[in-house]
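Asks: Could you look at this predicted model? Sequence included:
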Amino acid sequence: MKTEIIQADITTLKVDAIVNAANSSLLGGGGVDGAIHRKGGSEILEACKKIRARQGKCNTGEAVITTAGKLPSKYVIHTVGPVWNTGGKDKEKLLANCYKNSLDLAIEHNIKTIAFPNISTGIYKFPKQLAAEIAIKTVSTYKHKKTIDKLYFSCFDQENFEVYHEILKNENT
């Protein structure tokens, strides 16, 4: 699996799947979640409503998959990141689960290219450095990573972009 860090609006990427940093309701919200629902259109919301009718809310660390609606990708994988508050190892494990469970869904749906946002680093206030370390470690140690051709970390802001670059630069030296 080739990994690349880009600074981009994830809703514009032509990949098999983009990952949405969703809230547990799956009904849209702020940040990347709101942007995906707005640009993807009502098809995404309708698919999320069907999931809610079947299983209820999406728990923190879990992931579900829907159509991408009007987005250039084929699928949206919705995962619910942890709210940092006072932090702790349980929050770190939940964030790692977001990446692992999203990748599991990607494998199930034969997804070859996937893009992740910086899960939980916005309104959920997960420290960006720690979140990036968890994301990079989780995807680099993922057991089925060879079945995915390309993984993007799509950083919307300059700070996350620089954090990811610094971590990868230090890993490769």
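Replies: Arrived safely. Residues are numbered from 1 along each chain as shown.
Asks: When you work out contacts or count neighbours from here on, use the C-alpha atoms and nothing else.
Replies: Noted.
Asks: quick one, helices of the chain?
Replies: Using DSSP state H, the helices assigned to the chain run over residues 31-40, 42-55, 89-108, 128-140, 158-171.
Asks: would you turn those helices into JSON lines with distance to Thr147 and mean neighbour count?
Replies: Listed next are the helices of the chain as JSON lines, based on distance: least, Cα to Cα, whole Å; neighbours: other Cα atoms under 10 Å:
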{"stretch": "helix 31-40", "distance to Thr147": "26", "mean neighbour count": "20"}
{"stretch": "helix 42-55", "distance to Thr147": "26", "mean neighbour count": "16"}
{"stretch": "helix 89-108", "distance to Thr147": "7", "mean neighbour count": "19"}
{"stretch": "helix 128-140", "distance to Thr147": "12", "mean neighbour count": "18"}
{"stretch": "helix 158-171", "distance to Thr147": "22", "mean neighbour count": "14"}
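Asks: what's the closest of those helices to Val83?
Replies: Each of these has some distance to Val83 by Cα to Cα; the shortest is helix 89-108, at 7.6 Å.
Asks: pLDDT (mean, whole number) over that closest one?
Replies: Looking at helix 89-108 alone, the average pLDDT works out to 97.
Asks: packing partners for that helix?
Replies: Helix 89-108 makes packing contacts with strand 63-67, strand 75-80, helix 128-140 when contacts are defined by 3 or more Cα pairs under 8 Å, 6 or more residues apart in numbering; DSSP states H and E.
Asks: Out of those, the one nearest Leu94 is which?
Replies: With respect to Leu94, and counting by Cα to Cα, the nearest of the helices and strands packed on helix 89-108 is strand 75-80 at 8.9 Å.
Asks: neighbouring contacts of the closest one?
Replies: Residues from elsewhere that reach strand 75-80 (Cα atoms under 8 Å, 6 or more residues apart in numbering): 16-24, 26, 58-68, 98, 102, 105.
Asks: Quickly note the distance from Lys70 to Thr11.
Replies: With distances taken as Cα to Cα, to the nearest Å, Lys70 is found 10 Å from Thr11.
Asks: Counting neighbours, go ahead and name the busier of these two.
Replies: When Lys70 and Thr11 are compared for neighbours, Thr11 comes out ahead with 25 against 17, by other Cα atoms under 10 Å.
Asks: Only the buried subset of the contacts of strand 75-80, as a ChimeraX command please.
Replies: Once 16 or more other Cα atoms under 10 Å is used to decide burial, the buried members of the contacts of strand 75-80 can be selected in ChimeraX as follows:
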select :16,17,18,19,20,21,22,23,24,26,58,60,61,62,63,64,65,66,67,68,98,102
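Asks: follow-up on the earlier one: find residues that contact each of Lys70 and Thr11.
Replies: Lys39.
Asks: Okay then, goodbye and thanks.
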